[in-house]
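Student: Give me coordinates for this.
(2 chains)
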2 protein chains.
Amino acid sequence: MNYNFSDRVKNLKPSAIREIFKYAADPEVVSFSAGNPSSLAFPAEEIAQISNKILNNSPVDALQYSLTEGYTPLRNFLKTYLNDTHKIGRDFDDLIVTTGAQQVIDLFTKVMCNEGDVVVCENPSFVGALNCFRSHSTIPVGVDIDDDGINLESLEQTLKNNKNAKFIYTIPNFQNPSGITMSLEKRKAVYELAKKYNVLILEDNPYGDLRFEGDYIPTIKSLDTDGIVVYVGSFSKVLSPGMRVGYVCADSNIIKKMVVCKQTNDVHTNIWAQLVAFDFISNYDFNAHLDKLRKIYLDKMTLTEKTFNEFLAPKGISYIKPQGGLFIWCKLPDYVNMMDYCKKAVLEKVCVVPGTAFLADENQISHHFRINFSAPSDDDIVKGFEILSNVDF
Amino acid sequence: MNYNFSDRVKNLKPSAIREIFKYAADPEVVSFSAGNPSSLAFPAEEIAQISNKILNNSPVDALQYSLTEGYTPLRNFLKTYLNDTHKIGRDFDDLIVTTGAQQVIDLFTKVMCNEGDVVVCENPSFVGALNCFRSHSTIPVGVDIDDDGINLESLEQTLKNNKNAKFIYTIPNFQNPSGITMSLEKRKAVYELAKKYNVLILEDNPYGDLRFEGDYIPTIKSLDTDGIVVYVGSFSKVLSPGMRVGYVCADSNIIKKMVVCKQTNDVHTNIWAQLVAFDFISNYDFNAHLDKLRKIYLDKMTLTEKTFNEFLAPKGISYIKPQGGLFIWCKLPDYVNMMDYCKKAVLEKVCVVPGTAFLADENQISHHFRINFSAPSDDDIVKGFEILSNVDF
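Tutor: All right, here's what the predicted structure looks like:
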């Protein structure tokens, strides 16, 4: 039967990278394409202990319907924690728990944007956010990034040119896919530009706690005296992505609208996962756990750097070394057809993500591909880079 | 700060019943207002066993990112189970796991409806669905229901009058809030009308397994030779609502669009909950568990009937006895102001849901209120009905 789908999804397709991902299911393929944390990064024993305690002592708390806004003790803990660690949250702000950070992007787009409105994004940016904007018939417009974050001249020009821009979407720390971190000066400038052009900022910070080098840089939300920054956090990279627990801190008027939409979206977030997350961050040594993760990813990055220099640098492939996060953003020489390279690589059983997937305009040409260094084993990193170095171009 | 919200949410408010729900937090209040399963209905020990096994033996499976479509063994099990028990699923159909049934309503509305399109609903209907339609700027248009389900003449007239109707939303079994079950003849007629007027059917069946009286009636989806019925199921009422696991079976072309939108909504459903649900339905005696639930609710309904007849029937309040589910739909005498009655009741510390909350047009007058009999204790049922009988009108 032919279905008459809504205009907003009629031309929405699974992203082109899905074609390449199909091959990644082959157990012989070295996959650099996921966004998965290392499987060594989960505090599995502690989660098992906590879960067992909850399900034995107070099972109804974990199994019954719960509040749309999230588990109150977890909300309160996060408010204090974010204030202490990131100077996030003023009197006008509120915080709710969501089904991952992805749900925040979806709910915020839904409450702020009419069809045809513009969202200003870093170019490249997170594919899940770009597709989310598209799914609401909102138009992502990309602004190129420099080594220290979004290009300010291009950003201002884009804001000038798009009167129907509603917000700027940014991942300031170890950006997905570029790995780039925005400098404090740029964070301040982006905040001022948002004020000047009357747009909001959606600050997505899933990797912020995974800094393995360099100095901490304050969040944009910490500058927010005007209620224009919506801060998104997640337990996916610091506890478990399978649990699907994220959160958003923003002006309470924005939060109220998001709550109404969340209620019609999934009623509330899995409450077992909220109870486990709360117990873990409040009763265990969360800082020691984060230190452990940073060590895991520093080791992965060190191996990645060494192996990259051995196999890929001599081929003229380059990248800007990230100070945290899960990804490196590799640039092929200008004369190489990136998509051909990625297709050849997957036939040689190494899966990387073509750069076009991350562009606001997918028809733009890209010479980049993304490599995830957190999920593959050390052996696979070495094996995969060696194979990549033998892919002809 | 004044925010310029999207048109679709600008006038979206938390429903009026929230005002009354505020009082329900008072522990002295007898709450008939929830939609919660009985806390006796959770197989808590089994869930604790299963969870413990998973988190000790294969924690990464429960903690890592997973597929948007859902856990493959659970999807396969449900396909077979629905086919065996409800004759659901043809070659053209597919099934995915969702974050509760609520997410299906949201995703399906998003993929089928443009802003301004109409969804034809039973009047009254589930408030979470009505608000979801509104949140997409889709207009719910209500069709009155008779004792055996939706009124067919009104349904046809409504389909004739609304050329931009995209689908019919129905809860055929023990409808929320009316408790009414649609006869087989009406199910067939609704299916034929949908075909005739080229609209789809969203068949929501959260309570189907909770039949404590009368004979099984085939699902509308079992009649679906044309791929026009989207069937929604849920573990919320038969396992645990806090886990947020539902599913949808529909033509694979519809499912594909929903998967793209689900990916941008929450990536995937909490995978721990999917693993637990799969283990429970495949390795435990699910039928014996359902029999236990039916017995719990039959006992609650028997007490409800007896107590209603003692306290509320003499006041001229009536209801149609449901053959399953969680609710009775009480009708006040025509001369009584329903909202005043509900407000007085809550001041006397009994919380019921005003009927207007469930109307497609909230400004329509209602003489009904909804009572949930599954969640309150037996003592609270007796105490609450006695108090309700003393509320003046």
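Student: pLDDT averaged over the longest helix anywhere in chain A, what's the number?
Tutor: Using DSSP state H to define each element, chain A has its longest helix at helix A:286-311. Mean per-residue pLDDT for helix A:286-311: 97.
Student: what sits up against the helix or strand just after it?
Tutor: Tracing the chain C-terminally past helix A:286-311 and defining elements by DSSP states H and E, one meets strand A:327-331 next. Outside strand A:327-331, the residues that touch it by CB atoms under 8 Å, 6 or more residues apart in numbering or on different chains are A:35, A:124, A:174, A:176-180, A:304, A:308, A:312, A:317-322, A:352, A:355, A:367-373. Every residue, glycine included, has its C-beta placed from N, CA and C.
Student: Which ones, among the residues you listed, also lie beside chain B?
Tutor: Counting by CB under 8 Å from any CB of the partner chain, A:G35 from the contacts of strand A:327-331 sit close to chain B.
Student: Among the contacts of strand A:327-331, name the buried ones.
Tutor: Neighbour counting by 16 or more other CB atoms under 10 Å in any protein chain shown classes A:35, A:124, A:174, A:176-180, A:304, A:308, A:312, A:317, A:319, A:322, A:352, A:355, A:367-373 among these as buried.
Student: In space, what's closest to A:S38 - neighbours in sequence excluded?
Tutor: Closest residue to A:S38 apart from its sequence neighbours, by CB to CB, 6 or more residues apart in numbering or on different chains: A:S374 at 4.9 Å.
Student: isn't that neighbour right up against A:N36?
Tutor: Yes. Between A:S374 and A:N36 there is a contact under CB atoms under 8 Å: 6.8 Å.
Student: Neighbour count: the two, which is higher?
Tutor: Comparing A:S374 with A:N36 by other CB atoms under 10 Å in any protein chain shown, the one with more neighbours is A:S374, at 24 against 20.
Student: Name all residues that make contact with that one.
Tutor: The contact partners of A:S374, by CB under 8 Å, 6+ apart, come to A:N36, A:P37, A:S38, A:A41, A:I296, A:Y297, A:K300, A:L326.
Student: how about the residues of the stretch 251-393 of chain A near chain B?
Tutor: Listed as neighbours of chain B in the stretch 251-393 of chain A under the rule CB under 8 Å from any CB: A:251, A:253-254, A:256-257, A:259-261, A:263-273.
Student: what about stretch A:113-133, start to end distance?
Tutor: 9 Å (CA to CA, to the nearest Å).
Student: pLDDT on it, on average?
Tutor: Averaged across stretch A:113-133, pLDDT comes to 97.
Student: again with stretch A:80-87
Tutor: Averaging pLDDT along stretch A:80-87 gives 96.
Student: Show me what counts as buried in the helix or strand harbouring A:E153.
Tutor: A:E153 is part of helix A:152-161 when elements are defined by DSSP H and E. Going by neighbour count (16+ other CB under 10 Å), the buried part of helix A:152-161 is A:L152, A:S154, A:L155, A:E156, A:T158, A:L159.
Student: Between those, which sits nearest chain B?
Tutor: For those, the closest approach to chain B (CB to the nearest CB) belongs to A:L159, at 15.3 Å.
Student: which residues sit in contact with the closest one?
Tutor: Here A:L159 is in contact with A:V120, A:A165, A:I168, A:L193, A:K196, A:Y197, A:V199 (CB under 8 Å, 6+ apart).
Student: could you show me where the helices are in the stretch 1-150 of chain A, in order?
Tutor: Taking DSSP state H, counting those that start in this stretch as the criterion, the stretch 1-150 of chain A carries its helices at A:7-10, A:17-24, A:44-57, A:59-63, A:72-86, A:100-112, A:127-135.
Student: For the spatially closest residue to A:R294 that is not a sequence neighbour, give me its contacts.
Tutor: Ranked by CB to CB, 6+ apart and with sequence neighbours excluded, the top spatial neighbour of A:R294 is A:F212, at 4.7 Å. With contact set as CB under 8 Å, 6+ apart, A:F212 has these partners: A:R294, A:K295, A:Y297, A:L298, A:M301, A:Q323, A:G324.
Student: what's the distance between A:F212 and A:T304?
Tutor: Remark: distance between A:F212 and A:T304 (CB to CB, to the nearest Å) = 12 Å.
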